[in-house]
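Enquirer: let's see this in three dimensions:
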Amino acid sequence: MSQKKIVTAIDGSDHSGKVVDTTIEYAKLLDAKVIFINCHKRFPAIMGQPYRDKEIADILSNAEKLVQPYLERLEEKNIPFEVRLMEEPAGTMISDIARIEKCDLIIMGSRGLTNLASLIVGSVTNRVLQTAPCSVLVVR
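Expert: Predicted coordinates:
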């Protein structure tokens, strides 16, 4: 029997802490490995060098800083994990990673950070619910 895998998606919103707490509970219960996802904004497409490289470095640095406290919580609880810092769109990436990694469960928040792309409440969550290859646990 292969090890169970859980995809956990966070965006740094207020729900992210609850999502990680729930992930820790389920990872212990299932003896599962966590694939930890954060989907950062898209890299700039129309920008010359060296400005584009600097913008990409800044985006990745901010994403790493955002996920670090959550990763420390997983480490403290001895939960095995991998980190994926991915480009938007989050709704597509979360389901794609779960499919590719043959995950057993996706855990995510009911709402994320508000921005122009997510004016529809829970649009990323709704997209994942429609396209996920496995069960989805939505944390409120």
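Enquirer: show me which positions of the helix or strand bottoming out on mean pLDDT in the chain end up buried.
Expert: Least confident helix or strand of the chain, by mean pLDDT, DSSP states H and E, is helix 123-131 with a mean of 90. By neighbour count with 16 or more other C-beta atoms under 10 Å, helix 123-131 contains the buried residues 123-125, 127-128. (Glycine included, C-beta is placed from N, CA and C.)
Enquirer: packing partners of it?
Expert: Identification of packing neighbours for helix 123-131 by 3 or more C-beta pairs under 8 Å, 6 or more residues apart in numbering; DSSP states H and E yields helix 90-100, strand 105-109, strand 135-139.
Enquirer: what does the last one contact?
Expert: Taking C-beta atoms under 8 Å, 6 or more residues apart in numbering as the criterion, the residues outside strand 135-139 that touch it are 15, 18-19, 22, 26, 104-110, 125, 128-129.
Enquirer: for it, which strands pair with it and how are they oriented?
Expert: Here strand 135-139 has these sheet partners by DSSP bridges: strand 105-109 (parallel).
Enquirer: mind putting the buried residues of helix 123-131 in JSON lines, distance to Arg52 included?
Expert: Shown next, in JSON lines, are the buried residues of helix 123-131 (distance: C-beta to C-beta, whole Å):
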{"residue": "Ser123", "distance to Arg52": "28"}
{"residue": "Val124", "distance to Arg52": "26"}
{"residue": "Thr125", "distance to Arg52": "31"}
{"residue": "Arg127", "distance to Arg52": "28"}
{"residue": "Val128", "distance to Arg52": "30"}
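Enquirer: what stretches of this protein score poorly on pLDDT?
Expert: Scanning the chain for pLDDT under 70 picks out the ranges 1, 111-122.
Enquirer: strands of that one, start to end?
Expert: 5-9, 33-40, 81-87, 105-109, 135-139 (DSSP state E).
Enquirer: to Val67, which of those strands lies closest?
Expert: Judged by C-beta to C-beta, the one of the strands of the chain that comes nearest to Val67 is strand 33-40, at 5.0 Å.
Enquirer: what pairs with that closest one, and is each one parallel or antiparallel?
Expert: strand 5-9 (parallel), strand 81-87 (parallel).
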